[in-house]
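In: Based on what follows, work out the 3D shape:
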Amino acid sequence: MPNSRRPRTPTSRLRARDVERDAVRDVLDAAYSDGQLTDVEHRNRTEATRSARTLADLDRLVRDLQVAPDLRDAMPTPPPSRDTRWAVALSAAVVLVCGIVVVTSARDNDEPATAAAATTTELTTAAGFGRMLDEIARQLHDSQVDQLTVYPEYATFSRQVPGKPGLAQRYEYRVGKGQAQLTENGTSSNRTEGVPVDLAELRPNVPRVIGLLHGADRTLRVDDPTRIFLDAKRGDDGPVVSIHLWNEDAGTQGFLTVGFDGAVRSVYRADQ
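Out: Here you go, the predicted model:
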């Protein structure tokens, strides 16, 4: 449903808080995942949330986005004295994120995948990344891994072989024809004990990490990256996700690290 109602009160001139900027990023992530925004549009709008000063500034970033028809009834009606467009956008963020959770919860109960879930093939989107974490937990019965490396089309990870602390089982994850495919890919005997991280701690902050990824070309000064990947593992200060970008034609590269709590830990730009 288009966010077509226009603000009628001075509420839109109120200063924006970080919690509202985060909510708008959630809306943008969901819109990018379901095809409303292109990659460039998503990156530009996500970057614009950082400099947004008022609710009106944030409103301009989401006013043309739509909510799926089957979710209309779930949206609350905002009181007349508030910025109605902002309320609709915020409600859309909550409902769309909840919709993703409903899809993955249905899969946990071995119900058929929905059409929306079938399109989440790109792992470097909030929906695709979140679905992958849910599938790992569902199929392997926990979220413990030694290291997880995520590319747009597939991911690889390793974890301890049960009862054999020095032996690691390697896996590959892909989505083919709408179905999540998790396959074993051999074992390794050089596993270091005590290195696992729990991806369940990362799951609530997936939209934040993906938002950082889609603004990383500007943050890291890597224009038009030709290669990207994310790496989740235990760092010196606890579990972190490293976001790596390369432009192989220009010979530039950079990366940043973010904790499983969503806080940026370090930034290494291409021009440093």
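In: how does this protein divide into domains?
Out: 10-105, 122-272 (automatic domain parsing).
In: Now tabulate those in CSV and tack on mean pLDDT and mean neighbour count.
Out: Placement of C-beta: from N, CA and C, glycine included. Converted to CSV, the domains of the chain look like this (pLDDT from 0 to 100; neighbours: other CB atoms under 10 Å):
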stretch, mean pLDDT, mean neighbour count
domain 10-105, 64, 18
domain 122-272, 91, 17
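In: Skipping its backbone neighbours, what lies nearest residue 193 in space?
Out: residue 165 (4.9 Å; CB to CB, 6 or more residues apart in numbering).
In: And the strands in this protein?
Out: Ranges of strands in the chain, per DSSP state E, are 144-145, 147-150, 154-161, 164-176, 179-188, 197-198, 227-235, 238-247, 252-259, 264-268.
In: Let me know which of those strands is the nearest to residue 128.
Out: Closest of the strands of the chain to residue 128 is strand 164-176, at 7.2 Å (criterion: CB to CB).
In: The closest one - contacts with which helices or strands?
Out: With contacts taken as 3 or more CB pairs under 8 Å, 6 or more residues apart in numbering; DSSP states H and E, strand 164-176 sits against helix 126-140, strand 154-161, strand 179-188.
In: Of all those, which one is nearest residue 147?
Out: Per CB to CB, nearest to residue 147 of those: strand 154-161, 5.9 Å.
In: List the neighbouring strands of the closest one plus their orientation.
Out: Strands that pair with strand 154-161, judged by DSSP bridges, come out as strand 147-150 (antiparallel), strand 164-176 (antiparallel).
In: In TSV, list those along with distance to residue 205.
Out: What follows is the strands paired with strand 154-161, written out as TSV (distance: least, CB to CB, whole Å):
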stretch	distance to residue 205
strand 147-150	14
strand 164-176	19
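In: who wins for proximity to residue 218 among those?
Out: Taking CB to CB, strand 147-150 is the member of the strands paired with strand 154-161 nearest to residue 218, at 20.7 Å.
In: mind checking how far that closest one is from the chain centre?
Out: 14 Å (CA atoms, centre = their mean, to the nearest Å).
In: Test my guess that residue 199 contacts residue 148.
Out: Yes: in this structure, residue 199 is within contact of residue 148 by CB atoms under 8 Å, at 6.8 Å.
In: what touches both of those two?
Out: residue 232 (CB atoms under 8 Å, 6 or more residues apart in numbering).
In: hmm, back to that, which stretch among the strands of the chain comes nearest residue 206?
Out: Among these, strand 238-247 comes nearest to residue 206, with 9.7 Å by CB to CB.
In: quick one on the thing from earlier: pipe the strands of the chain into JSON lines and attach distance to residue 62 per row.
Out: JSON lines is the format used below for these (distance: least, CB to CB, whole Å):
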{"stretch": "strand 144-145", "distance to residue 62": "34"}
{"stretch": "strand 147-150", "distance to residue 62": "27"}
{"stretch": "strand 154-161", "distance to residue 62": "30"}
{"stretch": "strand 164-176", "distance to residue 62": "27"}
{"stretch": "strand 179-188", "distance to residue 62": "30"}
{"stretch": "strand 197-198", "distance to residue 62": "33"}
{"stretch": "strand 227-235", "distance to residue 62": "25"}
{"stretch": "strand 238-247", "distance to residue 62": "24"}
{"stretch": "strand 252-259", "distance to residue 62": "24"}
{"stretch": "strand 264-268", "distance to residue 62": "24"}
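In: what sits against the most centrally placed residue in the chain?
Out: By CA atoms, centre = their mean, the chain has its centre lying nearest to residue 126, at 2.9 Å. By CB under 8 Å, 6+ apart, the contact set of residue 126 is 26, 29-30, 32-33, 100, 206-207, 210-211.
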